[in-house]
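In: what shape does this take:
(4 chains)
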There are 2 protein chains.
Amino acid sequence: MPRTSDVEERLTNAAMELIWENSYGATSVDAICEKAGAKKGSFYHFFESKSALAVKALQVDWRRKKARMDEIFSPTVSPLDRLTSYFEHVYQAQAETHGECGAVLGCPYCTLGCEIGTQDRAIGEQVHKILDLNAKYFESAIREAHAQGLISAPDAKGKAEMLVAFFRGSLTQARIENDIRPLRRLSSGALELLGAKPRRAAK
Amino acid sequence: MPRTSDVEERLTNAAMELIWENSYGATSVDAICEKAGAKKGSFYHFFESKSALAVKALQVDWRRKKARMDEIFSPTVSPLDRLTSYFEHVYQAQAETHGECGAVLGCPYCTLGCEIGTQDRAIGEQVHKILDLNAKYFESAIREAHAQGLISAPDAKGKAEMLVAFFRGSLTQARIENDIRPLRRLSSGALELLGAKPRRAAK
DNA sequence: TCCGTTGTTGACTGGATGGTAAACTATCTC
DNA sequence: GAGATAGTTTACCATCCAGTCAACAACGGA
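Out: Coordinates of the predicted model:
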C-alpha cells in the first residue's frame, strides 16, 4: 500500500456529495465510508468526528468553487458581466447535477447551514464564513459597476445583500421545487434588481 | 379520562417547534413525545409514522398562519401596504422567537423543504403546496398594485417570484447567521425591488 | 349494565448509529 | 534490516432510533 493515500480526499468528496444530495442528518458515517470505498477505522484515523469531516468537506469544496469564482469575477471583465456570467455558470451547474442525479440540489452551504445552524457550532461557523466570502464577490462587482456609472448603487453593501438574498432564495426555491426554472431568470432578475438595462450582449 | 383528548394537538405543536428549532432529522419521536407530555404509544395511536406527523404539523401550522395572512392581505388595504405590513409582521415574529429561544429560526417550510425534499415525498409535497399558497398573496398584491398604477409590473407572476426569492432568501440568511438584521430591510427592499417610491406612511 | 369505541400505557424489538480499540501492513529513514 | 510512522482492517460497543404490541382505562350509547 502506498505511503500516502487519497482516502481522506475520497472521504471529503463522498461526504460533500451525500450531504448535499440528502442532508447532514440523513448521511451516516457508514454511508460515507461505503461511497468512498473506505473502512470506518480509516475514517476515524483522519477525522475525529462526523462533524469535523463536514467542516473539512466544506473547506475543500469552497476552495474549488473559489477558484472558479476568481476567474468569473476577474477584474478584466466588466462588473455586470461578472454577475451575469456567474449566474449563467450557476444555472449550468445546477442543470448538470439535475441531469446527473435527477434532482436540483441548490446551494449546499445554505442547505447545510439551515439544517444544523442551531445544532453544530463548528459547521455553522464554517458555512457562515464561506457565505460571507461568497457575498464579497457580489459587493465588489456592484461597487465597481456603480463607480463606472453602469448602475446607481450608492449603498453597494445593501444592494449586494439584496442580490445575495434573491440569489440564494432562488437556489433554495429550486431545490425545494426540484425545478431549475427559478434559476433561469437569475441573471435577468439580477440586472432588473440592480436597475441596469436588461438588454446586454454577453462577452 | 376524557372522551376527547388534546394529545394530538400537543404532539403536532411540539413537533413543529422542535423541527423548526433544530431539524427533522435531529428531532426524535421520543423527544416530541416528551415535549408533548405523551407516551410513544399515544403517538402511534394518532399518527402512523414520524413523517405523517410532520405533514399534519405543517398543515396545522399553515392553517394558523393563513388566517393571519388573510387579515394582512385584506382587500381593504392598499396592495403595497399589504406587503410592507406583512414583512413588518414577519420581522416582529422573528424578533420575538429570537428573544424567546435565542435563535432566529427563519422560515420553517423552507428549512424543512430544503432538508428532506429529496428524501420524503409526502413532506416535500406538503411544503411545496404551502409555499405555493404563500406566494399567491404576493402575486395578487403585485397584480393589484400594478392595476392601480402604484408600480409597473406587467409580469406580476415574474415579479412575485423575484420578491418571494428575495423574501425567503432573507429568512434563510437570517437563520444561518442567527441574526435578524437581514430582515429589517425586508419591506424597504421589497418596495425597492418593485420599483415603488420607498417613502410611505404606513396606515 | 354491558359493549364498543376511543384513548393510554410501558415494555419490547431489531436495526442503525457514531465512535472505539487493537492488531496489522506498508513505506520511509537511518 | 530495525524502527518509527502513517495508514488499514476488523470486530466490537453502548446508545439511540422508529415502530410494535397487548393489556388496560374511560367514556357513550343501547
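In: in chain A, where is pLDDT below threshold?
Out: A:1-4, A:197-203 (pLDDT under 70).
In: can you rerun that using 90?
Out: For chain A, applying pLDDT under 90 flags the ranges A:1-7, A:101, A:117-118, A:195-203.
In: just the strands in chain A please.
Out: Read by DSSP state E, chain A holds no strands at all.
In: for it, which helix is longest?
Out: helix A:121-147 (DSSP state H).
In: just checking, what packs against that one?
Out: Packed against helix A:121-147 by the contact rule (3 or more C-beta pairs under 8 Å, 6 or more residues apart in numbering or on different chains; DSSP states H and E) you find helix A:50-72, helix A:79-101, helix A:108-116, helix A:156-177, helix B:156-177. Every C-beta, even on glycine, is put in place using the N, C-alpha and C of the backbone.
In: just the angle between that helix and helix A:156-177, please?
Out: If you take axes from the mean of the first three to the mean of the last three C-alpha atoms, to 10 degrees, helix A:121-147 sits at 120 degrees to helix A:156-177.
In: hmm, helix A:121-147 in reach of DNA strand C?
Out: No. For helix A:121-147, no contact with DNA strand C is found by C-beta under 7 Å from any atom of the strand; the gap never falls below 11.5 Å.
In: helix A:108-116 and that helix, what's the angle between them?
Out: Interaxial angle of helix A:121-147 relative to helix A:108-116 (the same axes, to 10 degrees): 140 degrees.
In: now do the buried residues in helix A:121-147.
Out: Residues of helix A:121-147 classed as buried: A:123-124, A:126-128, A:130-131, A:134-135, A:137-146 (neighbour count, 16 or more other C-beta atoms under 10 Å in any protein chain shown).
In: what of stretch A:155-173?
Out: Across stretch A:155-173, burial judged by 16+ other C-beta under 10 Å covers A:156, A:158-173.
In: tell me which parts of chain A are close to DNA strand C?
Out: Selection of chain A residues close to DNA strand C by C-beta under 7 Å from any atom of the strand yields A:1-3, A:27-31, A:40-41, A:44, A:48-51.
In: at 10 Å instead, please
Out: A:1-5, A:24-34, A:39-45, A:47-54 (C-beta under 10 Å from any atom of the strand).
In: filter the residues you listed to the buried ones?
Out: A:24-27, A:29, A:32-33, A:42-43, A:47, A:50-51, A:53-54.
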